[in-house]
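Enquirer: Kindly generate the corresponding structure for this input.
(one chain, ligands or ions: 1)
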Amino acid sequence: MSCFSFLFSRKKTASSAEQTIEIDEEVSGIQNTTLFTYKELKMATGNFHYSNKIGEGGFGIVYKGTFRDGTMAAIKVLSADSKQGVREFLTEINVIADIEHENLVKLYGCCVEGSHRILVYEYLENNSLAQTLIGGNRSNIQFSWQTRRNICINVAKGLAFLHEEVRPHIVHRDIKASNILLDKNLMPKISDFGLAKLFPDNLTHISTRVAGTTGYLAPEYAIRGQLTRKADIYSFGVLLLEIVSGRCNTNKRLPLSDQYLLERVWDLYERGQLVELIDTSLNGEHNDEEAQKFLKIGLLCTQDMPKLRPSMSEVVKMLMGEEAVDDRDISRPGLLSEFTSLRGQKDKHDMTSEGTSKEVNSPSSESISTSYAAMTFNSIYDRSN
Ligand SMILES: Nc1ncnc2c1ncn2[C@@H]1O[C@H](COP(=O)(O)OP(=O)(O)OP(=O)(O)O)[C@@H](O)[C@H]1O
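Expert: Numbering: from 1, shown residues only. This next block holds a predicted model:
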């Protein structure tokens, strides 16, 4: 890999000239990362050959690439005309170019030549948790209890680093199974910082447009657009429940009472039957007590009251057995069942598409409209897998 100095030629379109100039100026200011030439990436991916395609997300196709020195990379090509994509492209670079942690996907650099907007990441061999452990198409990878335990602890460490060690703190806003990638040793790394927000110390929360993925959104954030680190902690809690149970947070193929994982966990917790949730594919080769403890930590993280949710460093300690988990601390999760009257209404809004992440305008925190709540929770309920 090599680093190139970069000369940016300003592009101007007739339809959205001002916005384009604004974005172009920001792009021209990219300094803190390696800049790749388009030619170099073309060579690494065999001219972006379909046989090198390893995935596709909301913002473009991802290719596997190999550089001349043998370094492998995941090369994410943003679709040329997506304004949202360009904004997220810049956010990604601003947020992670300067930080490094073993549980965060490393950004090698980017390419901003002509109309090309391409991100270059370290290559992770074992796909995402969504493609392997959770969701319909399970891979051949055997996720033992030790592996799952290790994944939970290391995702928690990555998030604790973003929340508590980096200054200003970073709220990821899109913690979910498809954003947890696994390396060849099944070590997890958090990816996709396109929606992340920098969070200065002096702020209690940021009022922002709601972004994220249905099924993982904390209620206070989904309804009021009030963002704190606790929204990520809620999403992490949902992920934790998914990892232990080996199922997705929403599965409409199941009987109604089982469709929403968090509701199911709470119900079984209240009946003292959490053990039923543990993934049967573990074939009993796990520690029941520890697996149930992880489910309880998931419940602590998804409590309805954000301030009751533990910090990520506390979560790490609890997962590692360095801090006790007290049942008396567990209160109701931010459950969607309070909105059951909204079930069945057709979602008339464009908040979500199946499981992908995007931003929508939220009302101000003072004016929580019922229709907005309806939109949010219908959208969450409407996520099928
Ligand atoms: N660094 C990487 N190493 C290996 N594979 C990757 C890497 N980054 C992405 N991929 C693959 O590309 C797929 C698409 O990733 P991408 O981040 O673009 O979208 P997503 O997170 O799946 O969806 P969305 O961004 O729309 O929520 C991933 O599921 C994964 O299989």
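Enquirer: Quick one: residues contacting residue 160.
Expert: If you count contacts by Cβ atoms under 8 Å, 6 or more residues apart in numbering, residue 160 has them with 311, 312, 313, 315, 316. In short, each C-beta sits where N, CA and C put it, glycine included.
Enquirer: Go again with 7 Å.
Expert: 312, 313, 316 (Cβ atoms under 7 Å, 6 or more residues apart in numbering).
Enquirer: you'd agree the first one is up against residue 159?
Expert: Yes. With contacts counted by Cβ atoms under 7 Å, residue 312 reaches residue 159, the gap being 4.7 Å.
Enquirer: More neighbours: which of these two?
Expert: residue 159 (28 against 24; other Cβ atoms under 10 Å).
Enquirer: about what we covered before: with distance to residue 228 added, can I get the contacts of residue 160 in JSON lines?
Expert: Formatted as JSON lines, the contacts of residue 160 follow (distance: Cβ to Cβ, whole Å):
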{"residue": "312", "distance to residue 228": "12"}
{"residue": "313", "distance to residue 228": "15"}
{"residue": "316", "distance to residue 228": "19"}
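Enquirer: Take those residues and lay them out in TSV including pLDDT.
Expert: As requested, the contacts of residue 160 are exported to TSV (pLDDT from 0 to 100):
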residue	pLDDT
312	98
313	98
316	98
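Enquirer: Adding distance to the ligand, write the residues you listed out as JSON lines.
Expert: Compiled in JSON lines, the contacts of residue 160 are given as follows (distance: Cβ to the nearest ligand atom, whole Å):
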{"residue": "312", "distance to the ligand": "21"}
{"residue": "313", "distance to the ligand": "26"}
{"residue": "316", "distance to the ligand": "24"}
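Enquirer: and of those, the nearest to residue 186?
Expert: Of all these, residue 316 has the smallest distance to residue 186: 18.5 Å, by Cβ to Cβ.
Enquirer: tally of neighbours for residue 46?
Expert: By the measure other Cβ under 10 Å, the count of residues near residue 46 is 14.
Enquirer: tell me which element it falls in.
Expert: Assigned by DSSP states H and E, residue 46 falls within no helix or strand.
Enquirer: returning to what we had before: joint contacts of residue 312 and residue 159?
Expert: When Cβ under 7 Å, 6+ apart defines a contact, no residue borders residue 312 and residue 159 alike.
Enquirer: Up against the ligand, what does the stretch 151-300 of the chain have?
Expert: Proximity of the stretch 151-300 of the chain to the ligand, by Cβ under 6 Å from any ligand atom, involves residues 178, 179, 181, 191, 192.
Enquirer: Mind checking which of these are buried?
Expert: 178, 179, 181, 191, 192 (16 or more other Cβ atoms under 10 Å).
Enquirer: do you know how far the closest residue to the first one other than its chain neighbours is from the ligand?
Expert: Nearest non-adjacent residue to residue 178, counting by Cβ to Cβ, 6 or more residues apart in numbering: residue 130, 3.7 Å away. Going from residue 130 to the ligand by Cβ to the nearest ligand atom, to the nearest Å gives 7 Å.
Enquirer: before we move on, what about residue 265?
Expert: From residue 265 to the ligand the distance is 24 Å (Cβ to the nearest ligand atom).
Enquirer: likewise residue 305?
Expert: Distance from residue 305 to the ligand, by Cβ to the nearest ligand atom: 28 Å.
Enquirer: Might you report the residue contacts of the closest residue to that residue other than its chain neighbours?
Expert: Ranked by Cβ to Cβ, 6+ apart and with sequence neighbours excluded, the top spatial neighbour of residue 305 is residue 331, at 6.8 Å. Listed by Cβ under 7 Å, 6+ apart, the contact partners of residue 331 are 303, 304, 305, 308.
Enquirer: ditto for residue 200
Expert: By Cβ under 7 Å, 6+ apart, the contact set of residue 200 is residue 168.
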